[in-house]
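J.: coordinates for the following, if possible.
(one chain, ligands or ions: 3)
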Amino acid sequence: MSNIPLKEQSIVLIGFMGVGKTTIGQAVARKLYRDFIDIDEEIERRFQMPPKEIFAKYGEATFRQYEKEIISEICHKRLKVISLGGGAFLQKEVQDICLATTTIFFLDLSWNSWKDRISLLIDSRPVLQGKNMEEIKELFDDRQPIYEQHHSRIITDNQEIEEIADYIVDSLKLAWELYAG
Ligand SMILES: Nc1ncnc2c1ncn2[C@@H]1O[C@H](COP(=O)(O)OP(=O)(O)O)[C@@H](O)[C@H]1O
Ligand SMILES: O=C(O)C1=C[C@@H](OP(=O)(O)O)[C@@H](O)[C@H](O)C1
Ligand SMILES: [Mg+2]
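T.: Numbers count the residues shown, from 1 in each chain. Ligands and ions are numbered 1, 2, ... in the order given. Below you'll find the predicted structure:
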């Protein structure tokens, strides 16, 4: 249980790459009048290099180290909306720190809907590069259990970005009302 009052805890969005964490996080932050932090953008800002280049030049382990350090620092901040990268929850320390300090929403999208988005993602996501559809499906299936560590799940199939953001805001307002104090 967090020491931070529920209403002040930062909101964290998790889920497989491409489910909409970055886009929906921005919309939720706008609706709640909170600052938005995207961990990939924060890594890029601090290291002056996009994730794809960090993967290529220094390897995935270096990226995961940066990712863990930055999340550990940022999750302690109050009143933010934070979108993680899809692989961040592979690290147990990241899961533990987010569960202990924030309110976590899992954006759940079915494989059937996800695969139609592949063209939007393939160039910018290093983890997808060089994989065929079968291998990507395997990665998708393998990753699902890590997202089971959450406070709330949202099925996002056939939902518009604004609808999903509104749903998150409404469920937060209900929780804040029910568990005020
Ligand atoms: N609910 C949605 N409906 C349609 N397209 C979406 C939806 N959510 C995200 N997208 C699109 O999918 C792509 C990946 O979204 P992004 O927010 O970068 O995902 P993530 O941060 O989870 O990797 C973007 O082009 C975005 O516009
Ligand atoms: O799933 C992953 O391993 C990754 C997801 C990406 O973020 P998004 O989930 O926002 O695409 C980014 O952190 C990096 O390319 C690695
Ligand atoms: Mg993102």
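
J.: ok, now which ones touch residue 51?
T.: By C-beta atoms under 8 Å, 6 or more residues apart in numbering, the residues touching residue 51 are 40, 43-44, 63, 85, 126. To be clear about C-beta, it is placed using only N, CA and C from the backbone, and glycine gets the same treatment.

J.: ok, now with 6 Å
T.: residue 40 (C-beta atoms under 6 Å, 6 or more residues apart in numbering).

J.: try residue 71
T.: Contacts of residue 71 (C-beta under 6 Å, 6+ apart): 39, 94.

J.: how about the host helix or strand of it and ligand 2, any contact?
T.: Element membership of residue 71, judged by DSSP states H and E, is helix 60-74. No. Using C-beta under 6 Å from any ligand atom, helix 60-74 stays clear of ligand 2, coming no nearer than 6.9 Å.

J.: what lines up beside the helix or strand just after that helix in the sheet?
T.: Moving toward the C-terminus from helix 60-74, the next helix or strand (DSSP H and E) is strand 80-83. Partner strands for strand 80-83, per DSSP bridges, with pairing direction: strand 11-14 (parallel), strand 35-38 (parallel).

J.: and ligand 3, is the first one touching that?
T.: No. Legend: contact between strand 11-14 and ligand 3 by C-beta under 5 Å from the ion is lacking; minimum distance shown is 8.7 Å.

J.: what comes into contact with that strand?
T.: By C-beta under 6 Å, 6+ apart, the surrounding residues in contact with strand 11-14 are 21, 25, 81-84, 89, 98, 102-107, 147.

J.: likewise for the last one?
T.: Contacting residues not belonging to strand 35-38 are listed as 22, 25-26, 29, 74, 80-83 [C-beta under 6 Å, 6+ apart].

J.: can I get those in CSV with pLDDT, neighbour count and distance to ligand 3?
T.: Below are the contacts of strand 35-38 laid out as CSV (pLDDT from 0 to 100; neighbours: other C-beta atoms under 10 Å; distance: C-beta to the ion, whole Å):
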residue, pLDDT, neighbour count, distance to ligand 3
22, 98, 18, 3
25, 98, 27, 8
26, 98, 16, 10
29, 98, 21, 14
74, 98, 20, 14
80, 98, 20, 15
81, 98, 26, 13
82, 98, 26, 11
83, 98, 28, 5
